[in-house]
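S.K.: Pasting the sequence and the predicted coordinates here, then a few questions.
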Amino acid sequence: MRFVWPVLAFLVGLVPLIAPLAPVPHPALTVASAVWIAALVWLAPRKPEWTLLLTAPLFAVNNLWAMATTAFVVFAASRRIPRLGRLWALLGVASVLQTAFSLFLVHDGTPAWESLLGGVVGSVFFVVFPAVSGMLLGRRRPMVRLLQERNEYLERARALTAASARSEERSHIAGEMHDMLGHRLSLISIHAGALELATARKSPQLHEQAELIRTTSSLAMAELREILGVLRTNPEPESLDEDTGTRSDIAALVRGRATLDWSGDDLHGADPRTRRAVHRVVREALTNVDKHAPGARTRVQVAVQGGRAKIQVLNAPSSAAPGKGARRGLIGLEERVGLLGGSFSAGPPVEGGFRVAADVPLHPAAQAVAETREVPPPLKAEILTVPRVVGGGCLGLLALVPITGALLVLLLFALLNPTQMNAPYFDSLKVGVTSEEEVMDQFGVGQLGVDGCSRYQTSHNAELYYKLCYRDGKLHTKEQEGP
């Protein structure tokens, strides 16, 4: 594609040789302007500042196709000028130069103010509009890249926060395991000590085995304290006992803070891990209500049936300003319930407020801890949506569409319009009498020039033109133009 666009621009610049839209300059000037515009297309990505300024000389040559192509050159160059101040300064200079060069095409009898106004309008269409479109699109790409980097950073931060919360919850579970197993091992050690004393007096042959049980249990408790004790995240762990997670424990937890609706059996016979999960879900949900919806009506529901315990904490909307949090507690609850083989959800229901729900088995099986991929893969391709296209400036490309469409219409008109006029008909035209409509019915509008007059190629000389100018619908002047 490196040379495709310059070649295409060169061919577009040669169109006036086969389909003239106005009195064309010398063929050498047409070819020169085509070469010039092709060089600018090649130079635009490399030297955008110089390219903007070098478009001005093309407006001194009556090659409408080369002039129109400058809009695409300005568009491509403006995309690659990062500094807005420099870009607007270059656009101002380019507009002045183009207006000045366009004055070389002024025909006799055309007012100076009209020629100057036409040059200014042409600069607006061929410089300002394409430049603004290119500027918007050029700034869209780095902005999208910056948004992608920020999105990746936020995703990683969120993933690290979730990983930290999960790790903290697992450490908390390890601490609870330390309390639970430590209590059991302490009982074993105490009874083993009593058994050791009893066997020393009554069964000396069992004394050695009893002593082994006591020392082994003491050693196991010390090792458990060493391994699991270092995983504690709270220097003062919460008080957990055999009643944790039971109906009486949950009733004491919600007293004065919410209403409790308990259905089904109590949880005395459930696995200690399940009871602790029920306790943590209710406690964390009520803590979130106090933090984010203080004063809101709250209902706690616990349903024990079918070998599972279903917990739901629902609070109504609150008029108080909610607090801010990182959802670490909810992520920890999700991790704890997931390790038990249950399900967890948290979010606002349709009726408003917030709901925390968990479903855990009463006797969960031991499960292997699955490794989760915390950080999502970075975006490899830009996902274009309508808001991004509009916000990024792609809609500005529509400024180039009218130019392209107008050129295609003029090309078809130039190829299909009969513009040859014979000498007898030209001699019969009377100034101030012959109407514009009458001539158009016979020969069409001809080749419109920048001065507003129509030109018709003569039927006997390809290099001779008849120039007809109209005023108020009547023929104002007629003359012959040669090469």
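M.R.: Received the coordinates, thanks.
S.K.: Show me what counts as buried in the helix or strand hosting Asn288.
M.R.: If you go by DSSP states H and E, Asn288 is part of helix 272-292. Across helix 272-292, burial judged by 16 or more other Cβ atoms under 10 Å covers 272-286, 288-289, 292. C-beta: built from backbone N, CA, C; applies to glycine.
S.K.: Mind giving me the packing neighbours of it?
M.R.: Applying 3 or more Cβ pairs under 8 Å, 6 or more residues apart in numbering; DSSP states H and E, we find helix 272-292 packed against helix 129-202, helix 247-254, strand 298-305, strand 308-315, helix 328-339, strand 354-361.
S.K.: the inter-axis angle of the helix or strand following the second one versus helix 272-292?
M.R.: Yep, that's helix 247-254 we're talking about. Using DSSP H and E, the helix or strand that follows helix 247-254 towards the C-terminus is strand 259-264. Taking axes from the mean of the first three to the mean of the last three Cα atoms, to 10 degrees, strand 259-264 and helix 272-292 form an angle of 160 degrees between their directions.
S.K.: List the buried residues of strand 259-264.
M.R.: Applying a neighbour-count criterion of 16+ other Cβ under 10 Å, one finds Leu260, Trp262 buried in strand 259-264.
S.K.: Can you tell me the strand partners of that strand and which way each runs?
M.R.: strand 298-305 (parallel) (DSSP bridges).
S.K.: Contact partners for the nearest residue to His268 once chain neighbours are set aside?
M.R.: Closest residue in space to His268, ignoring its immediate chain neighbours: Thr246 at 5.8 Å, by Cβ to Cβ, 6 or more residues apart in numbering. Shown in contact with Thr246 (Cβ atoms under 8 Å, 6 or more residues apart in numbering): Asp266, Leu267, His268, Arg275.
S.K.: hmm, which of the residues you listed are the buried ones?
M.R.: The neighbour-count criterion (16+ other Cβ under 10 Å) marks Asp266, Leu267, Arg275 among those as buried.
S.K.: Show me which of the residues you listed is closest to Pro204.
M.R.: Taking Cβ to Cβ as the measure, Pro204 lies nearest Arg275 of the buried ones among the contacts of Thr246, at 43.5 Å.
S.K.: if you average pLDDT over stretch 463-480, what comes out?
M.R.: Averaged across stretch 463-480, the pLDDT comes to 86.
S.K.: ugh, wrong one, stretch 152-165
M.R.: Across stretch 152-165, the average pLDDT comes to 72.
S.K.: chain center to that stretch: distance?
M.R.: Averaging C-alpha positions (Cα atoms, centre = their mean, to the nearest Å) puts stretch 152-165 20 Å from its chain's average.
S.K.: which residues sit against stretch 468-481?
M.R.: By Cβ under 8 Å, 6+ apart, the residues outside stretch 468-481 that reach it are 23, 426, 429-437, 439, 446, 451-456, 464-467.
S.K.: quick one: what helix or strand has Trp65 in it?
M.R.: Using DSSP H and E, Trp65 falls in helix 64-78.
S.K.: tell me the phi and psi of Gln205?
M.R.: phi -70, psi -20 (degrees, to the nearest 10).
S.K.: Burial check on it, number of neighbours?
M.R.: Neighbour count for Gln205, taken as other Cβ atoms under 10 Å: 7.
S.K.: distance of it from Glu211?
M.R.: The gap separating Gln205 from Glu211 is 12 Å, by Cβ to Cβ, to the nearest Å.
S.K.: What pLDDT does the model give Leu408?
M.R.: For Leu408, the predicted pLDDT is 66.
S.K.: I meant to write Thr372 there.
M.R.: We have a pLDDT of 48 for Thr372.
S.K.: sorry, back to before: now, among the buried ones among the contacts of Thr246, which is nearest to Val350?
M.R.: Val350 lies nearest to Leu267 out of the buried ones among the contacts of Thr246, by Cβ to Cβ, at 30.4 Å.
S.K.: Report the secondary structure state of that closest one.
M.R.: coil (DSSP: H, G, I helix; E, B strand; the rest coil).
S.K.: ok, now Arg455?
M.R.: Secondary structure, three-state DSSP: Arg455 is strand.
S.K.: Hmm, it is touching Lys467, no?
M.R.: Yes. The criterion here is Cβ atoms under 8 Å, and Arg455 meets it with Lys467 at 5.2 Å.
S.K.: mind checking the end-to-end distance for stretch 121-135?
M.R.: Start-to-end span of stretch 121-135 (Cα to Cα, to the nearest Å) is 20 Å.
S.K.: Only the buried residues of it, if you could.
M.R.: Neighbour-count burial for stretch 121-135 [16+ other Cβ under 10 Å]: 122-123, 125-135.
S.K.: Distance from the chain centre to it, please.
M.R.: The chain centre lies 27 Å from the centre of stretch 121-135; the measure is Cα atoms, centre = their mean.
S.K.: got any ranges where the stretch 351-483 of the chain has weak pLDDT?
M.R.: By pLDDT under 70, the weakly predicted segments of the stretch 351-483 of the chain are 366-419, 445, 448-451, 459, 462, 483.
S.K.: ranges for the helices of it?
M.R.: According to DSSP state H, counting those that start in this stretch, the stretch 351-483 of the chain carries its helices in the segments 386-392, 401-416, 423-428, 436-443.
S.K.: which helices and strands sit right next to the shortest one?
M.R.: The criterion is 3+ Cβ pairs under 8 Å, 6+ apart, and the helices and strands that helix 423-428 contacts are strand 454-458.
S.K.: Can you check which of the helices and strands packed on helix 272-292 gets nearest to Glu49?
M.R.: The minimum distance between Glu49 and the helices and strands packed on helix 272-292 falls on helix 129-202, with 12.3 Å, by Cβ to Cβ.
S.K.: show me what contacts Glu49?
M.R.: Each residue near Glu49 by Cβ under 8 Å, 6+ apart is listed here: Ala77, Ile81, Arg86, Leu90.
S.K.: Turn the residues you listed into JSON lines, including neighbour count and distance to Leu54.
M.R.: Output for these, formatted as JSON lines (neighbours: other Cβ atoms under 10 Å; distance: Cβ to Cβ, whole Å):
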{"residue": "Ala77", "neighbour count": "32", "distance to Leu54": "10"}
{"residue": "Ile81", "neighbour count": "21", "distance to Leu54": "14"}
{"residue": "Arg86", "neighbour count": "11", "distance to Leu54": "16"}
{"residue": "Leu90", "neighbour count": "23", "distance to Leu54": "11"}
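S.K.: can you name the two of those that are farthest apart?
M.R.: Going by Cβ to Cβ, the pair spanning the contacts of Glu49 furthest: Ala77 and Arg86, at 11.8 Å.
S.K.: wait, isn't Ile213 in contact with Leu195?
M.R.: Yes. Shown here, Ile213 and Leu195 form a contact pair, counting by Cβ under 8 Å, at 7.0 Å.
S.K.: hmm, back to that, switch the helices and strands packed on helix 272-292 over to TSV; also include distance to Thr30.
M.R.: Formatted as TSV, these follow (distance: least, Cβ to Cβ, whole Å):
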stretch	distance to Thr30
helix 129-202	23
helix 247-254	90
strand 298-305	83
strand 308-315	79
helix 328-339	72
strand 354-361	74
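S.K.: ok, back up a step: which of the contacts of stretch 468-481 are buried?
M.R.: Neighbour counting by 16+ other Cβ under 10 Å classes 23, 434, 436, 439, 446, 451, 453-456, 465-467 among the contacts of stretch 468-481 as buried.
S.K.: Which pair in the residues you listed has the greatest spatial separation?
M.R.: Spanning the widest gap among the buried ones among the contacts of stretch 468-481 are Pro23 and Thr434, at 21.3 Å by Cβ to Cβ.
S.K.: I appreciate the help and will end here.
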